[in-house]
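A.B. asks: Could you work out the structure for the sequence below:
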Amino acid sequence: MAVVWQLATRTGRNMVTAPKKGATWAVMAADAGVSRSTLADRLAWLLERGLLVRVTPGTTPRFRPGTLRGALDDGRGNEAATYVLTVPADLAESLAEDDQGDGGQLRTCASGPAGDDWRDVPWPAETLPVELTRTPKPHVVDVGEKTSPDVRARETPAHTAPVSAWPATATPGTKAEMLAACERLRAEDPILRKLSARHLRSLLRVLFRLGATVDDVRHVLHHQPGGRAWPLAAAPRFVPGWVRWRVQAWLTPDSSLGGEGVRLAGQLPSQVRVAYRTRIRREQTARTTALAEARACRGDASAGAALARRHLIAALSRAPKGAA
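C.D. replies: Residues are numbered from 1 along each chain as shown. Coordinates of the predicted model:
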């Protein structure tokens, strides 16, 4: 019941558990006073009996398909499993039959000390009433006069989302924004987590000043300038040197973009995408303008001939001088 209570109090309006409300194994096990193995056993018990339905399983980058066992960062981070509390069909039918009949025994068991009707009890106790004597007691460790150093209350709730909400596609400009971007990188990359946010900001400041986003930093650290991924290897022993070495591969001696193999005159991936979209929009605008002019001159032979003459002159002016 302690585990069920943690699930019931961490749901949204649709009665599905919400990780933002602390519906993760670590938080629920700590608040219920049980271990992770006990929590997993109770969840399996509920799933087998149809009292709980797993909506989505929990995943991590290391075991998620398409990440090469955590070598590639898909940007999703750790995802907690979501559940929905339910009532088996046979139990719901029996409750409905009892409600249509006298239902005296059920109301007697479910009524509280004040004699309230069991149907007035809020969900989920409305469908599955519980005796007051079965309410789990808090786990107390009696160690005499002294308090065990391992028994203490949780001072702050565990984080169930990235520490920073800095967007992955925005370029940080100020020191505070760079620090927020580094906090997100640390929260999503176990290698960078070994560095403090300020130390990581000092190593990545040159990239941020060149217009890099969080996605660009991930690409730079895990891909060569030509676009190929770095060969898989063990975790780096000295993380600052590892970060500095991979960043320098994308830079020239004067700390500007243009390392060997950097595409499109030394542009970061986000800058390449922006340049591509700009070129596509420019070409679409030119085609739309040409089509509008052609439609305007349709049916007018003189206007059509003049338009064709202008296009021919423009094409000849762009052609090399020695071309026939």
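
A.B. asks: which stretches of the stretch 101-250 of the chain form helices?
C.D. replies: Remark: helices assigned in the stretch 101-250 of the chain by DSSP state H, counting those that start in this stretch are 104-110, 175-188, 197-209, 214-222, 239-248.

A.B. asks: In terms of secondary structure, what does the longest one contact?
C.D. replies: Using 3 or more C-beta pairs under 8 Å, 6 or more residues apart in numbering; DSSP states H and E as the contact definition, the elements that helix 175-188 packs against are helix 197-209, helix 214-222. For glycine as for every other residue, the C-beta is placed from the backbone atoms N, C-alpha and C.

A.B. asks: Mean neighbour count, these: which tops it?
C.D. replies: helix 214-222 (a mean of 21; mean count of other C-beta atoms under 10 Å).

A.B. asks: what about it, average pLDDT?
C.D. replies: For helix 214-222, the mean pLDDT works out to 89.

A.B. asks: Then stretch 16-33?
C.D. replies: For stretch 16-33, mean pLDDT rounds to 82.

A.B. asks: contacting residues for the residue most central in space within the chain?
C.D. replies: The centre of the chain sits closest to residue 76, judged by C-alpha atoms, centre = their mean, with a distance of 3.8 Å. Contact analysis of residue 76 by C-beta atoms under 8 Å, 6 or more residues apart in numbering lists 59, 61, 64.

A.B. asks: Using a markdown table, please lay out the helices and strands packed on helix 175-188 together with distance to residue 84.
C.D. replies: Shown next, in a markdown table, are these (distance: least, C-beta to C-beta, whole Å):
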| stretch | distance to residue 84 |
| --- | --- |
| helix 197-209 | 37 |
| helix 214-222 | 33 |
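
A.B. asks: and the gap between residue 17 and residue 216?
C.D. replies: Counting by C-beta to C-beta, to the nearest Å, the separation of residue 17 from residue 216 is 35 Å.

A.B. asks: circling back to that earlier point, helix, strand or coil for the residue nearest to the centre of the chain?
C.D. replies: Assigned by DSSP: H, G, I helix; E, B strand; the rest coil, the conformation of residue 76 is coil.
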